[in-house]
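Student: using only what follows, build the 3D model:
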Amino acid sequence: MQSNENILKDVGKAAAVKGITSIGALPTAIILIAIAILSIVGLFIAALTEPEDQGYSDTANYGVKGISAQVMQFKGPIEAELAKQGMDKSYANVLLAIMQQESGGNIAATNGDVMQSSESMSGGKMGVITDPNQSIYYGVKHFKNVLAQAKNKLDTSIQSYNFGTGFIGWLKGSDPTLDKRFDFSAAMKAKPAYAGPSYVGICRSDSEARSHNACYGDPRYLDRVKNYLVALNNGGGGNVISNMPAAGGNEVIEKAIATGMTIVGKSPYVWGGGRNQADIDARRFDCSSFVRWAYAGAGVNLGVVSGTTTDTLVQKGKSVSKDEMKRGDLVFFDTYKKNGHIGIYLGEGKFINDSSSQGVSIGDMNSTYWSKTFKGVVKRVVE
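Tutor: From the prediction side, this is the model:
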C-alpha cells in the first residue's frame, strides 16, 4: 500500500475443482494389496524424512529487529487497536514491521499517516489521513481484512497489505513466491489503469522490478517487511535480538550457532530437505539436516548428508541431564514420535531449530508446546 498506488479491487476469486476417479472396477484384493504397499512406503518415507508435528497454527510469533525508536513508540497503540478489532496482540510486531517499511522509520515524514492507510479509508485517495491513531485504525482494519481473505496465511497477508486483496484471489491458494509476485505486478501493470507512462510505481527506483515490468506495488514488499522480523517458535513477541542469551566461550559451539543464525527467519522448513548439495545451497532443511549443517559450518561432522536424522543424531555425543544442559547441546522433543524433533540449545530456555510452522527460528522451551514435548533428552556433541 504505497502512497502512489490505488487500492486494488478484487480481480477474481479462486476456484478449486477436485476430480474423483472411480476404482470400483478393480478387484477388491488388488485394491487392498495396493493400499497396504502404499502404507508401508509412506511409513518408510516418514521415518526417513521425519515430518515435523503439524499442530501449530500459522500465528504471528515474531520478534522484531531494526525498528526505529520512532516506530517502536506505536507498539502500545497498535496492541490496543488489535484488541478493539478482536485480533490477537501477537500481530503487533508484524504491524510494527509494516509501519517501519511504510514510513522508512521516519514518522515525521509520513505527515501523520504512519501506516499509509489513506487509500484504505478513502477508496484510493492519498494523503487524507493526518492523525496517527486514525492511520493505525485503518491499517489494522486493512490487515485484518487481508488476513481473513488469505485464511490466516501470514506471508500472503503481508504481501497483500501492499498489493491489495486481488492478489489473494489471483494466487488461488498457492504460496506468494517471488516469481508469482513479479507476475502479478506485471499483470496489473498491463491493465489500462496502470499501463500509462505516468504510473511507474516501484520501477522508479528498482531495476529488478523494471526488468520484469513489475511496476505495480512492490513485489518484494514481503521480503522487506520480514527483514524486520525474527521468527519465534510459539514463544511470544518481544524483541528477540535483545532477549537472546549471551554467547559462550566455546569457539566451535559459537561458530555452529552463528552459522544457524544466518538463516533465522529466512529459511522455511522443507520436509526431507537438506540431504543433497542442491538443498544445502538453497538452504532447504528439515530439523535434523539443519542441525547437521549448522555444526558442519563449525567443522563438526554429525553424520552423512544423505542419512542424518533425529534417530542418528540422538546416538551422537554423550547424554546429559536437562539440569546440566548448556549452550550448544542438542535438545530433542517428542513431536510426531519419540525424539521426533531437534534443536540446538542457546541457554536461558531458548533454542534454535527448523520447524514446520516457523522455519529456522528461535524457540522457547518454556512455552506450552515445547515444554510439553521436551522429555529431557539432551546430547552434548562438543565439550
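Student: distance of the nearest residue to G317 once chain neighbours are set aside from Y295?
Tutor: Closest residue to G317 apart from its sequence neighbours, by Cβ to Cβ, 6 or more residues apart in numbering: V381 at 3.8 Å. All C-beta spots, glycine's among them, are computed from the backbone N, C-alpha and C. Between V381 and Y295 the distance is 7 Å, computed by Cβ to Cβ, to the nearest Å.
Student: and for S361?
Tutor: Distance from S361 to Y295, by Cβ to Cβ: 18 Å.
Student: do V140 as well
Tutor: V140 is 42 Å from Y295, by Cβ to Cβ.
Student: got it, and G376?
Tutor: 22 Å.
Student: try R380
Tutor: 12 Å.
Student: neighbour count winner among these two?
Tutor: Between R380 and Y295, counted using other Cβ atoms under 10 Å, Y295 has the larger neighbour count: 27 against 18.
Student: measure stretch 264-276 end to end?
Tutor: 21 Å (Cα to Cα, to the nearest Å).
Student: which outside residues touch it?
Tutor: Residues outside stretch 264-276 that contact it (Cβ atoms under 8 Å, 6 or more residues apart in numbering) are 45, 48-49, 51-52, 62, 226, 229-231, 279-280, 283-290, 292-293, 305-308, 352, 354-362.
Student: again, 7 Å this time
Tutor: With contact meaning Cβ atoms under 7 Å, 6 or more residues apart in numbering, stretch 264-276 is reached by 49, 51-52, 226, 229-231, 279-280, 283-286, 289-290, 293, 305-306, 352, 354-356, 359-362.
Student: ChimeraX command to pick out the buried ones of these?
Tutor: Only the buried entries of those go into this ChimeraX selection, using 16 or more other Cβ atoms under 10 Å:
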select :49,51,52,226,229,230,231,279,280,283,284,285,286,289,290,293,352,354,355,356,359,360,361,362
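Student: tell me where the model's unsure across the stretch 251-383 of the chain.
Tutor: Along the stretch 251-383 of the chain, no part satisfies pLDDT under 70.
Student: helices of that one, start to end?
Tutor: Remark: helices assigned in the stretch 251-383 of the chain by DSSP state H, counting those that start in this stretch are 251-261, 277-281, 287-296, 310-313, 368-373.
Student: which secondary structure elements does the longest one contact?
Tutor: Taking 3 or more Cβ pairs under 7 Å, 6 or more residues apart in numbering; DSSP states H and E as the contact definition, the neighbouring helices and strands of helix 251-261 are helix 287-296, strand 341-347, strand 350-355.
Student: parallel or antiparallel, which strands does the second one pair with?
Tutor: In this case it means strand 341-347. Strand pairing for strand 341-347, using DSSP bridges, gives strand 330-333 (antiparallel), strand 350-355 (antiparallel).
Student: distance between the first one and the chain's centre?
Tutor: It refers to strand 330-333. 22 Å (Cα atoms, centre = their mean, to the nearest Å).
Student: could you do the longest one as well?
Tutor: Centroid separation for strand 350-355 versus its chain: 13 Å, with Cα atoms, centre = their mean.
Student: and the angle for that strand with helix 287-296?
Tutor: Angle, strand 350-355 to helix 287-296, by axes from the mean of the first three to the mean of the last three Cα atoms, to 10 degrees: 120 degrees.
Student: who touches strand 350-355?
Tutor: 52, 233, 245, 257, 260-261, 264, 269, 285-287, 290, 331, 342-346, 360-365.
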